Structure formats: structure tokens, C-alpha cells
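Q: Coordinates for the following, if possible.
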Amino acid sequence: MQMQYFNIEEFNCQETGKNNMCPFFLEKLDQLRHECNMPFHITSGYRDKTHSIEAAKGAPGTHTQGIAVDIQARNGYERYIIASTALRMGFTGIGIAKTFVHVDIRKSVPVLWSY
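A: Numbering: from 1, shown residues only. Prediction:
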């Protein structure tokens with residue numbers, strides 16, 4: 001798969017190095033990056049089921065399904081651009097934290113939350 005803005009290694013699990021990202025999700029993320037017109041630094045991509053955060057949850061999350069990432073956001077303007085564009089583009093899970101925005105394409109009811 002060819003992405004314009006990312007290398008597949010950016011999405012490797014930080015603890016195991018594994019990577020099982022969904023190609024459709026990566027295409028959508030590449031388009032989100034294009035629409036936002038600013039660099040994205042991925043702070044968390046794929047998480048293996050043995051990743052400490054996922055193991056503590058007990059149930060698989062969107063990161064383990066390869067359909068979620070956390071994108072660094074340095075200020076409120078970046079959080080706004082990423083979140084509003086993701087909403088417009090049909091991402092169905094958006095979480096807003098002080099230093100990052102989580103985006104995913106979950107199949108359940110769309111959700112928006114803050115950390």
C-alpha cells in the first residue's frame with residue numbers, strides 16, 4: 001500500500017513492533033492528513049493484544065483492530081482542525097486530549113469523548 005504522508009513503520013506497536021493496520025483505515029487517515037494540511041505525528045498506532053494498555057483493558061480496542069491512531073496536537077487550534085475534519089470525513093470515534101486526538105472507524109454507534 002502506498003501512502004502519501006506516512007510510512008507504515010510509524011504505526012508499529014510500541015511494545016512488540018507488530019503492525020496489523022487496516023489498509024482502508026490508512027487510506028482514510030492519509031486523506032485526513034491531506035485535508036488538514038498540516039504534519040501529523042502518530043503517537044500511537046497499532047497495539048498488539050499483549051500491549052500493556054490493551055492487556056489491562058481486557059477487551060480488544062480499536063487500536064488492536066488496526067483501525068485507530070492517536071495524532072499529536074500541540075494546541076487547541078490543531079485539536080480543532082483534526083477533530084472537525086475527522087467528523088466531516090466520517091470517522092466514527094474521536095477522542096480529544098490535551099496533547100493528542102484519537103481517531104478511529106469503529107462500526108458501533110459513533111462516539112466523541114474527551115480525556
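Q: hmm, who's touching stretch 14-22?
A: 8-9, 11-13, 44-48, 50-52, 65-67, 105 (CB atoms under 8 Å, 6 or more residues apart in numbering). All C-beta atoms are positioned from the backbone trio N, CA, C, and that covers glycine.
Q: mind redoing it with 6 Å?
A: Residues outside stretch 14-22 that contact it (CB atoms under 6 Å, 6 or more residues apart in numbering): Phe11, Asn12, Tyr46, Asp48, His51, Gly66, Ile67.
Q: Tell me which residues touch Ala97, please.
A: Residues near Ala97 by CB under 6 Å, 6+ apart: Tyr115.
Q: Let me fix that, I meant to ask about Cys36.
A: So Cys36 contacts Ile81, Ile82, Thr85 (CB under 6 Å, 6+ apart).
Q: Give me the neighbour count for the second one.
A: As a burial measure, Ile82 scores 26 neighbours (other CB atoms under 10 Å).
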